[in-house]
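Peer 1: The sequence and its predicted three-dimensional model are supplied below.
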Amino acid sequence: MSRSYADMPLHYGQVPPWLYQRMSKLGVAIVEAIILEYGRGAVLQRLSDPFWFQALGCVLGMDWHSSGITTSVMGALKRSVNERSKDLGIYICGGKGKYSKETPSELLRIAERTGMNGDLLVRSSKLSAKVDNTAIQDGYQLYLHSFILSSDGDWAVVQQGMNGANGMARRYHWHSPTLSSFVEEPHTFIYGANQGQIINITDKQANATRSAILELTKENPEKLLPEIRKLVMPSHHDVKAKDVDIKRLGSILAVAYEKQHLDMESLLLLEGLGPRTLQSLVLVSEVIHGTPSRFDDPARFSFAHGGKDGHPFPVPTHVYDEAIKTLETGILRAKLGNTDKNEAIKSLSKAAQQLEKDFQPNNNFEQLIERERNDSWKYGGRTVFGKAKPPKPKPGDNQLQLF
């Protein structure tokens, strides 16, 4: 079930080429793995879920909480997915700023090649933008519009607006299978931080107003939809224990470092991978195979490949490359009829979930981050500020007990 909004601190800056290239490779590998296992519709369904989308951005190594996740993830996916649209059956149009205005022409070109109804797709793109920018006047002005289309005719929209007054960005998600009307409650749910009254003419209670002269009515979002799960990212840069489900994170580390609950066949198929790469792959596996309830703490996924700003730790490029290679190898083997490696990767998230049931974590969250930062140089750690360096030894340093 898709949620419509995610609120994040508004951040500026660019993704360095060394990270953007890796985001593109891992992103398209995750998309392809989802298609092989669950079909193209599952890709659109996941992209329409704000929690899953945030987790994807974290596992790709972006800043775990900022508005930059939206622009960088959609940009990286557009680059890599569109290169293989013919065999994947997924097309990504639009983007940030001037690229958003190219969405109609891109959709018409795709329609001409595939036989889909281009006019209808363009209409859907324009209406989704109009609704979030005009019909719902919540103080956020759209500056990014991405339209994701499958060859089956379904689509999803990921678009983002900014509010300069409060320094926040708001991301909007749409999913065509859940849409019955553009003008009456098109989102599955709507939630925004309660800042008084907002204008929303898509609410069902505004039917009489729409039928008259489309005068705008004011409604309180908390009264309209009290049961919505919300995603409001905090303003602090560092990842804190309160941002993460420690029990889930601990079970992931136990699988990676102790190989608990992994069967012998999976161990053999993943032979040669160190525990740090397994840690990344457990989280990548969950992004591919996890159910919606697993993504309510997206910050946890930043423990796969860190973040470009150094939070929770620098991006371990060597680990990142090994994770990409492992996933790509599994996909290639699956295409040739051998799914064993993909099943082994799938078993990682299953093992973590199984272990999680009775897992009792220690309170060593800060120690874990310190260890990751201290070891970062070993794994090719990088941030936008440069490459990680070995830490200066401290008297009395000892081995971190993870569990």
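Peer 2: Received, thanks.
Peer 1: Where does the closest residue to Gln160 other than its chain neighbours sit: helix, strand or coil?
Peer 2: Computed as CB to CB, 6 or more residues apart in numbering, the closest residue to Gln160 that is not its neighbour in sequence is Leu144, at 4.3 Å. All C-beta spots, glycine's among them, are computed from the backbone N, C-alpha and C. When classified by DSSP: H, G, I helix; E, B strand; the rest coil, Leu144 comes out as strand.
Peer 1: looking only at pLDDT, what's the mean for stretch 239-252?
Peer 2: Mean per-residue pLDDT for stretch 239-252: 92.
Peer 1: Hmm, I typed the wrong one, I wanted stretch 286-294.
Peer 2: Mean predicted lDDT for stretch 286-294 stands at 94.
Peer 1: Just list whatever residues bridge to the residue nearest to Gln160.
Peer 2: With DSSP bridges as the criterion, Leu144 is bridged to Lys96, Gln160.
Peer 1: Does it touch Ser100 like I think?
Peer 2: Yes: counting by CB atoms under 8 Å, Leu144 touches Ser100, with 6.3 Å between them.
Peer 1: Next, show the common contact partners of those two.
Peer 2: Residues touching both Leu144 and Ser100 by CB atoms under 8 Å, 6 or more residues apart in numbering: Gly94, Gln159.
Peer 1: Okay, now stretch 308-325: how far is its last residue from its first?
Peer 2: Using CA to CA, to the nearest Å, the end-to-end distance of stretch 308-325 comes to 21 Å.
Peer 1: Enumerate the positions of it that are buried.
Peer 2: Across stretch 308-325, burial judged by 16 or more other CB atoms under 10 Å covers 308-317, 319-324.
Peer 1: ok, now stretch 279-292?
Peer 2: Buried-residue list, stretch 279-292, by 16+ other CB under 10 Å: Gln279, Ser280, Leu281, Val282, Leu283, Val284, Ser285, Glu286, Val287, Ile288, His289, Gly290.
Peer 1: The chain - how does it break down into domains?
Peer 2: Here the domain parsing of the chain from automatic domain parsing is 5-224, 241-386.
Peer 1: Turn those domains into CSV, including distance to Leu231.
Peer 2: Listed next are these as CSV, based on distance: least, CB to CB, whole Å:
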stretch, distance to Leu231
domain 5-224, 4
domain 241-386, 8
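Peer 1: and stretch 350-366, which residues are buried?
Peer 2: Lys350, Ala351, Ala352, Gln353, Gln354, Leu355, Glu356, Phe359, Pro361, Asn364, Phe365.
Peer 1: after the host helix or strand of the second one, next one along is what?
Peer 2: I take that to be Ala351. Using DSSP states H and E, Ala351 maps to helix 340-356. Moving toward the C-terminus from helix 340-356, the next helix or strand (DSSP H and E) is helix 365-375.
Peer 1: Off-centre distance for that next one?
Peer 2: Taking CA atoms, centre = their mean, to the nearest Å, one finds the center of helix 365-375 at 24 Å from the center of the full chain.
Peer 1: Name the residues of stretch 338-347 that are buried.
Peer 2: Within stretch 338-347, judged by 16+ other CB under 10 Å, the buried ones are Thr339, Lys341, Asn342, Glu343, Ala344, Ile345, Lys346, Ser347.
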